[in-house]
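Engineer: could you work out the structure for the sequence below:
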Amino acid sequence: MNHYGFISNFSRLASPQKNNHQHELFYCKRCFTSFEDRPLKYKLHGEQALVKHRLLCGSHKPVVPLMPKEGDTLKFEAWCKTERLPFVVYADFEALLLKTGRKQGDNTTAMHTHHPMSYGYLVVAAEGVPIDLFDQFDIPSAPVIFRGSATEDDVAKRFVRDVLDVTAKIGRLYKEVNVAISMSVVDCRVHDAKVMCDLCSCTFSERNCKTAHHDHLSGRFLKTLCNTCNLKLKTPKFVPCFLHNLSNYDAHFIVTNLANDDNNRISVIANTEEKYISFSKYINNSFSVRFVDTCRFMASSLAGLAENLSSANFDKFREVAKVFAPSEMQLVTRKGVYPYEYTDSWDKLDATSLPDKFQFYSALTETHVSDEDYSHATRVWNHFGCTSLGTYSDLYLKVDVLLSADVFENFRDICMTTYHLDPAQYYTLPGFSFDCMLKLTKVELFLLNDFEKILFLESGVRGGLVQASKRHARANNPETPGYNAEEPNTSLIYLDANNLYGYAMCKYMPISDFTWYPGNPEVALDQLQWMRETDDIGRFYEVDISYPQHLHDAHNDMPFLPHASIPRGSTVRKLMVTFMRKERYVVHYMNLKQAMAHGVVVEKTHRVLEFRQSPWMAPYINLNTELRKRATNIFEEKFFKDLNNSVFGKTIENMRLRFNLELVSCPRRMRKLINRPTFKYCTTYNENLSVVTQHGKEVDFCKPIYIGFSVLELSKVVMYGFHYDVMKRHYGDKIELLYTDTDSLFYRVTTNDFHTDLIENPNLMRFMDTSNFPHDHKCYTVARKRIPGFFKFECNSRTVYEFVALRAKSYAYDVEQNVEIRAKGVMRHVIRNHLTFAEHKRCLFADVDDDAESDECDDEFDANMGKMIAADSALKAVAQIHRNASTGSTNSSTTVAAAASVTHPSHVYSYMPFTPYRENVSIRSFKHELRTIRSMKLVLNRADDKRYVLPDNISTYAHGHHRINY
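Structural biologist: Numbers count the residues shown, from 1 in each chain. A predicted model of the protein is given here:
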């Protein structure tokens, strides 16, 4: 029988569980944060504090916050990850692209359905693991390749069964093999001489004695540890299975086949319902196979990674060398060539000769195979005696698996050598890099245990600023075509800050002692003028600010203190710079000080959060920067660059965005999840597997969000300081900001010669990295090469002729008759083959010029019928391209004219009449079924609501400018 009681006073019910005070507590029923009704001199209390709290809490979904305990810190504790995993698996799939013409809406058509054709995997053991263990436990030591057929096409299911079988054997090996330690005389001397732990560097004592750590699979002595560390180094509980691009491709084959008769648990770390960071299938309650995407460590194609790893003696390709003879290494240490779209049925695999060159055409990228690549494929076919396309595909797959293994094993080598951590025990590079940073710096980061402080900082997190403030400009100087000597000389300059976030992370960062300023907040504001960047105490301010009208024209290019808001007529919140009044704006003290120095007015100070700070992250960033300079190949160079870039991502991780998803194959577990009050919805993949998505009930705020917030703020200090205190101070009204994107600035400068200005003005030159200039250029120097915080020239010393921007993340510029186009969300082949600089200008000025072409365009887009005509024009154009490709022809029709373009060496197709639509071909998953789809997408769009655009379609005002008449 159910009993209910009416709660007339929630505070009286809950308060005794919080404290024994006599003061009433006011509760937020969204997060259960309480506010005591005890008078405070400079701080809101009771019901007033609750009202202010709801302004922040109400902008988030209701959750129960799990807060760290008082005094909890975040420090390096992953000592078990300093050991290299004894066994890892590398795998890959190949697929048939079955043709289909299925319509998916008005503008989308499925071209192919991807069906797994074959798989390959390789078990790699760490150095020192006895090779006889492979035979003893029946673990394959050579690459395993399996190809299906028309009668045996359950390839993915067989792959899961094979990998689970190998994992079970490795688990049994870990459990049964325990070789006693065997120490040589030299080992004993080394061990006896140790006075400190090789891991944590503590001094040995009676309570924490010295221990000889050894490899339990071989008995080999490894290092001397304290007893505490030795107990932390446990036998692995999982086997990682690495696939390159797992999240976007191979995972969709595997996931729907994970369910089997054992009903063992399947755990998932998900980005979305269709995209997983990683997932694990348990063999028993304590051992699993963990599927991991190597792309989340090395975000490049396998072809590029293998090329970066190449050397004259092929010494980096250890796994390839075990399978192929030295005379064959030239053929198998590069990514192979395969006709993916030609292989659209099982019958095609029976072909006894290599397909013709034109049949290697890819509609996904609109590219033909090069003569060199086709010649390589022919040599491979002939040398290895391939008897059919099927045997050629097996060889292609085997090489891919071996290359994947060698690339990631070399990556592990660098990580173990530099930071003594095994990336095979992590899910992503940001997580690995963050632990590297903690281990190197030995820092202890205090975790916030006050939810109000978390909300305070969350309200201030703002990403990088992106905007087009002047949408078209043309240079006029002796180096440009059509130079007019009667007009002032102007230059277009594109600058990019070296490792901006890395530079910000080298600054003083918060670390501990987060307390509300106890005095009058207005006094804290008065003290701001005396505070320095290198003070031991820093502050975050919550203020109301206004922008004086007399500064609107001077600051219109890039007003201080950007904030996220919804533009007029939009429904999407965007980060913008405006002149509007801002209330309760949370800001780092250095940003506020910079803005006030340039005239921004603070009307009121609400709260101030103080903290202790130091440059504790600088040693890690500087070490990676130095190691990047010393790198002996491109592979290492990119690795150290990525370490610095990725560590920031972990500092700004939003725990609220964790996706609560579970793959379920057990009926009893399914009933339990559906009956929970947090159940959201369920998607069924097949009769044995469903995915259950749940509402987040609790959020564990265990991350130091104050670091990411500070990095974002200080990076803006760098960009604003360079713009106003360097460029604007030197050039005044003779410089205009055209475009900015987080760490880059595109300027038009009125000057005779910008490079001469650098030589003649050391105060300008000292901020520039000109190491990418020709060696004989007057500005060339390597003094500031790749040093974080300096600005390099994106186009080196070349002359930029013209620039056009349609909106944020959509712009083009002409560099000495070579056009560069940037368009976020548009496939590379569309940019390469279907967009021109002229079309960007056509889109921008469509209704400005009163000519016949403009009138035609205006009529064309007058209503929905016009859009249909435009989309149809683009569809016919791309259809002709694919027809040409299927016959090996590159000739164009009257609909699609191959135009001579300065953008690319290949054909760029012009669209007549003008249309802003282009066909995007991409691979998408639908309930984990992979399809190649083609869809019409609006790629040329000048609608920019981040700023107020003037009638000329070029000049803009920041919102809130006093000249705007809304």
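Engineer: now do the contacts for Phe93.
Structural biologist: Pro116, Met117, Ser118, Tyr119, Val155, Ala156, Phe159, Leu243, Tyr249, Asp250, Phe253 (CB atoms under 8 Å, 6 or more residues apart in numbering). Glycine gets a C-beta too; all of them are placed from N, C-alpha and C.
Engineer: again, but for Lys507
Structural biologist: Glu533, Pro615, Ala618, Ser710, Leu714.
Engineer: flag every buried residue along stretch 500-513.
Structural biologist: Applying a neighbour-count criterion of 16 or more other CB atoms under 10 Å, one finds Leu500, Tyr501, Gly502, Tyr503, Ala504, Met505, Cys506, Lys507, Tyr508, Met509, Pro510, Ile511 buried in stretch 500-513.
Engineer: can you tell me the average pLDDT over that stretch?
Structural biologist: In this model, stretch 500-513 has an average pLDDT of 96.
Engineer: that one: end-to-end distance?
Structural biologist: Start-to-end span of stretch 500-513 (CA to CA, to the nearest Å) is 27 Å.
Engineer: again with stretch 226-235
Structural biologist: Across stretch 226-235, first to last residue, CA to CA, it's 18 Å.
Engineer: repeat that for stretch 516-535.
Structural biologist: OK, stretch 516-535 end separation, CA to CA: 18 Å.
Engineer: quick one: the longest helix along the chain to chain centroid distance?
Structural biologist: The longest helix of the chain (DSSP state H) is helix 389-419. Offset of helix 389-419 from its chain centre (CA atoms, centre = their mean, to the nearest Å): 23 Å.
Engineer: what are the buried residues along that helix?
Structural biologist: Under 16+ other CB under 10 Å, the buried positions of helix 389-419 are 389-412, 414-416, 418-419.
Engineer: show me what contacts the closest residue in space to Met505 that isn't next to it in sequence?
Structural biologist: Take Met505 and drop its neighbours on the chain: the residue closest to it by CB to CB, 6 or more residues apart in numbering is Met617, 4.7 Å away. Contact partners of Met617, counting by CB under 8 Å, 6+ apart, are Met437, Thr441, Val443, Met505, Cys506, Met509, Ile707.
Engineer: residues contacting the second one?
Structural biologist: Right, Thr441. By CB under 8 Å, 6+ apart, the neighbours of Thr441 are Trp616, Met617, Pro619, Tyr620.
Engineer: again, but for the fifth one
Structural biologist: For Cys506, the contact set (CB under 8 Å, 6+ apart) comprises Pro615, Met617, Ala618, Ile621, Asn622, Pro788.
Engineer: highest neighbour count among those residues?
Structural biologist: For the contacts of Cys506, the largest neighbour count, defined by other CB atoms under 10 Å, is 25 neighbours, found at Met617.
Engineer: retrieve the pLDDT associated with that one.
Structural biologist: Reading off the model, Met617 has pLDDT 97.
Engineer: next one: it from Leu445, what distance?
Structural biologist: Separation of Met617 from Leu445 (CB to CB, to the nearest Å) stands at 10 Å.
Engineer: make a ChimeraX selection of the buried ones in the contacts of Thr441.
Structural biologist: A single ChimeraX command selects the buried members of the contacts of Thr441 (16+ other CB under 10 Å):
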select :616,617,620
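Engineer: which helices and strands sit right next to the top strand by length along the chain?
Structural biologist: Secondary structure of the chain per DSSP state E: the longest strand is strand 108-125. Packing contacts for strand 108-125, counted by 3 or more CB pairs under 8 Å, 6 or more residues apart in numbering; DSSP states H and E, involve strand 87-99, helix 132-136, strand 144-147, helix 155-176, helix 389-419, strand 929-938.
Engineer: report the inter-axis angle for that strand versus strand 929-938.
Structural biologist: Using axes from the mean of the first three to the mean of the last three CA atoms, to 10 degrees, the inter-axis angle of strand 108-125 relative to strand 929-938 is 130 degrees.
Engineer: how far off centre is strand 108-125?
Structural biologist: Worked out by CA atoms, centre = their mean, strand 108-125 lies 24 Å from the chain centre.
Engineer: same thing with stretch 438-458?
Structural biologist: Chain-centre distance of stretch 438-458: 23 Å, with CA atoms, centre = their mean.
Engineer: what are the buried residues along it?
Structural biologist: 438-441, 443, 445-448, 450-458.
Engineer: go on, stretch 559-573?
Structural biologist: For stretch 559-573, using 16+ other CB under 10 Å, the buried residues are Pro559, Phe560, Leu561, Pro562, His563, Pro567.
Engineer: same thing with stretch 143-156?
Structural biologist: Applying 16+ other CB under 10 Å to stretch 143-156 flags Pro143, Val144, Ile145, Arg147, Gly148, Val155, Ala156 as buried.
Engineer: just the closest of those residues to Ala554, please.
Structural biologist: Ala156 (62.5 Å; CB to CB).
Engineer: any idea how far Met196 is from the closest one?
Structural biologist: 51 Å.
Engineer: ok, back up a step: format the contacts of Met617 as CSV; extra columns: secondary structure and distance to Asn489.
Structural biologist: Shown next, in CSV, are these (DSSP: H, G, I helix; E, B strand; the rest coil; distance: CB to CB, whole Å):
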residue, secondary structure, distance to Asn489
Met437, helix, 47
Thr441, helix, 49
Val443, coil, 51
Met505, helix, 39
Cys506, coil, 38
Met509, strand, 44
Ile707, helix, 45
